[in-house]
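In: My questions concern the predicted model and sequence given below.
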Amino acid sequence: MKSEKRNYDLMHKNPSNWRGVFYVNRKDPRITVPKSDPTMGWTINFGNPYTYVLLFLIILILTATALFL
């Protein structure tokens, strides 16, 4: 567990995994990760395919809510 957290921290701190403000790392299984400045909150890992499923569901729910209310 400790070594896994350490590996995640190393991946997170690697500047090549950041595209501006976007975190993109296919090897990192987390969907949400701390922002490059952790005091600013969290962001999503655009390298994880489940991120796109989550974004699609959020957009679908918001669209359905707007249409049917």
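Out: Yep, it's here. Numbers count the residues shown, from 1 in each chain.
In: center of the chain - which residue?
Out: Ile44 (1.6 Å; C-alpha atoms, centre = their mean).
In: buried sites along the lowest-mean-pLDDT helix or strand in the chain?
Out: Every helix and strand in the chain was compared by mean pLDDT, DSSP states H and E; the lowest is helix 2-13, with a mean of 90. Residues 8, 11-12 are the ones in helix 2-13 that count as buried (16 or more other C-beta atoms under 10 Å). Placement of C-beta: from N, CA and C, glycine included.
In: can you map out the helices along this protein?
Out: Per DSSP state H, the chain carries helices over the ranges 2-13, 49-68.
In: Among those, which comes closest to Phe22?
Out: Shortest distance between Phe22 and the helices of the chain, using C-beta to C-beta, is found for helix 49-68: 10.6 Å.
In: helices or strands up against that closest one?
Out: Packing partners of helix 49-68 (3 or more C-beta pairs under 8 Å, 6 or more residues apart in numbering; DSSP states H and E): strand 42-44.
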